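[1] Requesting a structural model of the entry that follows:
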Amino acid sequence: MIVMQITVITLFLVAYYFIITNKMDKAGVSFVAGALIIGVNSIVKTVPHLTISHVGNFVDFDTIALLLGLMIIIPFMGDAGVFQFLALLVLKISKGNLKTLYILTAFTVVISSAFLNNVSTVMVFVPVILAITESIDKDPFPFLMMIIFSANFGGGMTLIGDPPNMIVGFAKHFSFFDFIANATPGILLAMMVIMFFWMRKERNYFITVKKNDDKNINPLSAITNKKLAIKSSLTFLGAIGGFLLPQSWNIPPSTIAVVAAAVLLMLIDADSKTMEKVYSRIDWPTIFFFMGMFALVYALEETGIADMVSSGMAMMIPNNFVLTLVVFWLSLFMASLLSAVPTVMIMIPIIHGFERIFGSSSLVWWALIMGQSIGGNLTIVGAAANMVVAGMTQKTKRGKLEFSAYFKYALPAVLISGVTTTAYLVIKYIV
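    Okay, here's the model as predicted:
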């Protein structure tokens, strides 16, 4: 066991070093670490089920299937212009009022990211905002920060909003309704507080002399393929309806997502050319990253390393209430450095260890969900949406997102949202 423990710790530290420093591709690092752990275990035979023939014991195929289903459906919505339609609709409704546009954009991004891919969402809204702010001679920086925060907040609100939610959801058998009832209120509260804070801070920013001409904007003009837009949107809404089915029906979200994807492929009569497009747009690096991390995390748990960490930390934690707050702030700061997925995957076995000491508490898991969601906002590398927006602004004259400027603007907002969510967790614990 000692040999396996040393191997696991070494590979874990090496993998996280490369993940943090970005000296190697994250998916490649994760897959290599997972494969090496399985290889070493096949020699020392310490962990019985950490083998290729028992891969279903440690790779969560529910999470992967849910991801695959959404990866097939959502790009077709993008192809049809559904996202662009939403962006132009928000612009038209705002009627050129910058403050109204700010608020509408924030909540549209939140809702879109809660159900769609937050990277796709920011990729649609950022060019629109850059064009608008350029036309009225405004720095887009406040808008861009708001879009990033909204995307990450939205991603933390639902089971399908972000991969970390899916991982925790399947690990603890949380339903779509569970996320709506527990994660959504806390994150929405934090977002509204941040919106109020930023709008007070930037009150002079919203004073405009020149208004954007929106009279001739027709959101429907963004729809490039009406039939595909209808088919893909209805399929997606059908999947959402499926996620809301009673738990007693025992139909996992992964099954619903895969079936919905299959229905869409049948509706559009997917030929070989269409399927080639589907294959090319599936996020294979994420799949490979997950498979490697699942093996790594399983090894940490089965070799007793996670329990040792939990036991050591438990000596300083008196009860579940304090544990909830520790998990929240720990996951918040970890996510800002490691990003959300690695944070959640390493915290899961540690929390399992805490449960064996303090007993099970669902609030601890909601603290993890909300902590990683908020923490992803703190730095440019904290979440995928941050890095995408930063990349999109590198050639702009104004609003370019640099690490130091981003961090200075984000830090007060993250701390305020962290305190707000802490208050929410305290109230939930008391009630």
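[2] need the contact list for Ile20.
    If you count contacts by Cβ atoms under 8 Å, 6 or more residues apart in numbering, Ile20 has them with Leu337, Leu338. Backbone N, C-alpha and C define where each C-beta goes, glycine included.
[3] how about the nearest residue to the spatially most central residue of the chain, chain neighbours excluded?
    Closest to where the C-alpha atoms of the chain average out (Cα atoms, centre = their mean) is Asp162, at 3.1 Å. Distances taken as Cβ to Cβ, 6 or more residues apart in numbering place Gly155 nearest to Asp162, at 3.6 Å, with adjacent residues excluded.
[4] Please apply the same query to Asp25.
    Once flanking residues are discounted, Asp25 sits nearest to Pro285: 7.1 Å by Cβ to Cβ, 6+ apart.
[5] what helix or strand is the one you found on?
    Pro285 belongs to helix 284-302 when assigned by DSSP states H and E.
[6] so how far is that helix off the chain centroid?
    Offset of helix 284-302 from its chain centre (Cα atoms, centre = their mean, to the nearest Å): 17 Å.
[7] what sits up against it?
    By Cβ under 8 Å, 6+ apart, the residues outside helix 284-302 that reach it are 4, 8, 11-12, 15, 25-35, 37-38, 41, 47, 49-50, 57-60, 63-64, 67-68, 163, 306-307, 341-342, 345-346, 348-349, 352.
[8] Need the buried ones from those selected in ChimeraX.
    The buried residues among the contacts of helix 284-302 can be selected in ChimeraX (16 or more other Cβ atoms under 10 Å) with this line:
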select :4,8,11,12,15,26,27,29,30,31,32,33,34,37,38,41,47,50,58,59,60,63,64,67,68,163,306,307,341,342,345,346,348,349,352
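[9] In helices, which of the contacts of helix 284-302 appear?
    4, 8, 11-12, 15, 26-35, 37-38, 41, 63-64, 67-68, 163, 306-307, 341-342, 345-346, 348-349, 352 (DSSP state H).
[10] Got phi/psi on the spatially closest residue to Leu401 that is not a sequence neighbour?
    Excluding the flanking residues, the one nearest Leu401 by Cβ to Cβ, 6+ apart is Ala390, at 4.1 Å. Per-residue torsions, Ala390: phi -60, psi -40 (degrees, to the nearest 10).
[11] Touching, Ala390 and Tyr406? I think so.
    Yes: contact criterion Cβ atoms under 8 Å: Ala390 and Tyr406 qualify, at 7.4 Å.
[12] Could you tell me the angle between the helix or strand hosting Ile74 and helix 284-302?
    Using DSSP H and E, Ile74 sits within helix 61-80. Computed by axes from the mean of the first three to the mean of the last three Cα atoms, to 10 degrees, the angle separating helix 61-80 from helix 284-302 equals 160 degrees.
[13] Could you list every helix and strand that helix 61-80 packs against?
    For helix 61-80, the elements it packs on are helix 118-135, helix 163-172, helix 226-243, helix 253-267, helix 272-281, helix 284-302, judged by 3 or more Cβ pairs under 8 Å, 6 or more residues apart in numbering; DSSP states H and E.
[14] I'd like the next helix or strand past it.
    Using DSSP H and E, the helix or strand that follows helix 61-80 in sequence is helix 82-94.
[15] Any regions of the stretch 101-250 of the chain where pLDDT drops low?
    Where the stretch 101-250 of the chain drops to pLDDT under 70, the residues are 208-215.
[16] Try it again at 90.
    The stretch 101-250 of the chain contains residues with pLDDT under 90 at 116-139, 161-163, 171, 202-219, 221-222, 244-250.
[17] ok, back up a step: and the helix holding Ile74, how far out from the chain middle?
    Put simply, helix 61-80 sits 14 Å off its chain's centre (Cα atoms, centre = their mean).
[18] pull the CA atoms of that helix into CSV?
    Presented in CSV, the C-alpha positions along helix 61-80 are these (Å, rounded to 0.1, in the frame of the first residue of the first chain):
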residue,chain,number,x,y,z
PHE,A,61,-20.0,7.7,-17.4
ASP,A,62,-23.2,9.5,-16.3
THR,A,63,-21.2,12.8,-16.3
ILE,A,64,-19.5,12.0,-19.6
ALA,A,65,-22.8,11.0,-21.3
LEU,A,66,-24.5,14.1,-20.1
LEU,A,67,-21.7,16.2,-21.5
LEU,A,68,-21.7,14.4,-24.8
GLY,A,69,-25.5,14.8,-25.3
LEU,A,70,-25.2,18.6,-24.7
MET,A,71,-22.1,18.9,-26.8
ILE,A,72,-24.2,17.5,-29.7
ILE,A,73,-27.3,19.6,-29.3
ILE,A,74,-26.0,23.1,-28.3
PRO,A,75,-23.6,23.6,-31.3
PHE,A,76,-26.6,23.1,-33.7
MET,A,77,-28.4,25.9,-31.9
GLY,A,78,-25.4,28.1,-32.4
ASP,A,79,-25.3,27.1,-36.1
ALA,A,80,-28.9,28.2,-36.5
